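Test case, fold it:
(one chain, ligands or ions: 1)
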Amino acid sequence: IYDCLRGRLDAEKGTITMSGIQKYAEQIMNANRIIMVACGTSWHAGLVAEYIFEELCRINVEVEYASEFRYRNPVINKGDVIIAISQSGETADTLVAIENAKKQGAIILGVVNVVGSSISRVSDGGAYTHAGPEIGVASTKAFTAQLAVLTMIALKIGYEKGTLDKDRYMRLLDELNSVPDKVKVVLEQQERIKALAEKYKDASDALFLGRGYNFPVALEGALKLKEISYIHAEGYPAAEMKHGPIALVDENLPVVFVATKDSYHEKVISNMQEIKARKGKVIAVITEGDEHSTSLADDVIEVPEADEIVAPMLSVIPLQLLSYYVGVAKGYDVDKPRNLAKSVTV
Ligand code: F1P
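The predicted model follows:
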């Protein structure tokens, strides 16, 4: 990652490179705003990126559903930077949204998986995720790869702009480099997650809650459960719960908290207490060794400690596995969920 950010890996095929970002670095640094445009899982990656870019680069970020953005008449100012995020690179909503924005003078950067795909061809620059094809229809490893690439772009821009100091930059590079080993540790818990899937597979609804960087992970956990297990699930910012969804909570409702240790942690703990007080079942994705959360939750899944900026890459994996095992336990073909297409080209 260090070499990649320094441009030393640019010649290597199949490696994430930043040359397509370097070309536009000045424009990105000076942009009044960045607009992330995407659908589904990729939109959730854009939401995490909003938090990261605003923190590290101090640039205003908006995150738009391409399926809305393409049909309305959005205000695009010359110099706006649009980042289109797409696994397939063929999603029609995202493609048309960026074609429209390009005509109005926006700079289009693509974060896509497939070299030569339609979205990459319309984009002025960008970075490939090179995650390989998804085996199933539902997007999983693409999410992690999108987060990795978006974080790398934010690190690069933040450092060059001076909003990210060298110490934190170096620390975050180390954090990013340690993600693959930490992912292996998360994957070792498959049997435990399988057992949890058995326990909760008959639920008719589920709530997913998180704050900050983990809020979009909660949305993604709910989407995965809907997509491959056909259980009605809602993702919410944990702090919004009291404004409505708390009415749903009773002893039959599993509430999945994405509760790794970060600057929002104490607040998340109090949200867990609110659910327990209403007899909801709390399943929490927590940082290894977090005894406080363990004592509150009915079930926990531990992930290794990580900086809050890279934590979503780890905390999403137990949620993907949970949906997978619930789908398998219910006898569904998780690779080919009903009514879904690999890329939505209409
Ligand atoms: C977007 C997306 C996926 C979802 C499903 C339908 O695709 O919504 O997130 O899992 O496959 O399409 P993409 O633009 O990221 O390829």
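
got a list of what the closest residue to the ligand within the chain touches?
Per C-beta to the nearest ligand atom, the residue of the chain with the smallest distance to the ligand is Gly40, at 2.1 Å. Every C-beta, even on glycine, is put in place using the N, C-alpha and C of the backbone. By C-beta atoms under 8 Å, 6 or more residues apart in numbering, the contact list for Gly40 reads 139, 223.

Spell out which residues sit in contact with Ser295, please.
Counted by C-beta under 8 Å, 6+ apart, Ser295 has zero contacts.

residues of the helix or strand harbouring it that come out buried?
In this assignment (DSSP states H and E), Ser295 forms part of helix 291-296. Within helix 291-296, the residues scored as buried using 16 or more other C-beta atoms under 10 Å are 293, 296.

before we move on, what about stretch 321-331?
321-329.

ditto for stretch 183-201
183, 186, 189, 193-194, 196-197, 199-201.

Turn the residues you listed into JSON lines, columns for pLDDT and distance to Leu109.
Formatted as JSON lines, these follow (pLDDT from 0 to 100; distance: C-beta to C-beta, whole Å):
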{"residue": "Val183", "pLDDT": "94", "distance to Leu109": "26"}
{"residue": "Val186", "pLDDT": "96", "distance to Leu109": "30"}
{"residue": "Gln189", "pLDDT": "94", "distance to Leu109": "36"}
{"residue": "Ile193", "pLDDT": "98", "distance to Leu109": "35"}
{"residue": "Lys194", "pLDDT": "98", "distance to Leu109": "39"}
{"residue": "Leu196", "pLDDT": "98", "distance to Leu109": "39"}
{"residue": "Ala197", "pLDDT": "98", "distance to Leu109": "38"}
{"residue": "Lys199", "pLDDT": "97", "distance to Leu109": "43"}
{"residue": "Tyr200", "pLDDT": "97", "distance to Leu109": "40"}
{"residue": "Lys201", "pLDDT": "96", "distance to Leu109": "41"}
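
What about those, which are in strands?
Using DSSP state E, no member of those falls in strands.

Return the subset of these lying in helices.
183, 186, 193-194, 196-197, 199-200 (DSSP state H).

what's the closest of those residues to Glu54?
Nearest to Glu54 out of those is Val183 (C-beta to C-beta; 25.7 Å).

From Val328, how far out is that closest one?
Distance of Val183 to Val328, computed by C-beta to C-beta, to the nearest Å: 21 Å.

quick one, helices of the stretch 101-250 of the chain?
For the stretch 101-250 of the chain, the helices defined by DSSP state H, counting those that start in this stretch cover 118-122, 141-161, 166-187, 190-200, 215-229.

The shortest one near the ligand at all?
No. If you take C-beta under 6 Å from any ligand atom as the test, helix 118-122 misses the ligand, and the best it gets is 7.7 Å.

Which residue, other than its chain neighbours, is closest to Glu323?
Let me fix one detail, which is that residue 323 is Ser and not Glu. Distances taken as C-beta to C-beta, 6 or more residues apart in numbering place Lys224 nearest to Ser323, at 3.9 Å, with adjacent residues excluded.

surely the one you found meets Leu321?
No. Contact criterion C-beta atoms under 8 Å: Lys224 and Leu321 do not qualify, at 9.4 Å.

Find me the pLDDT at Leu172, would you?
For Leu172, the model assigns a pLDDT of 95.
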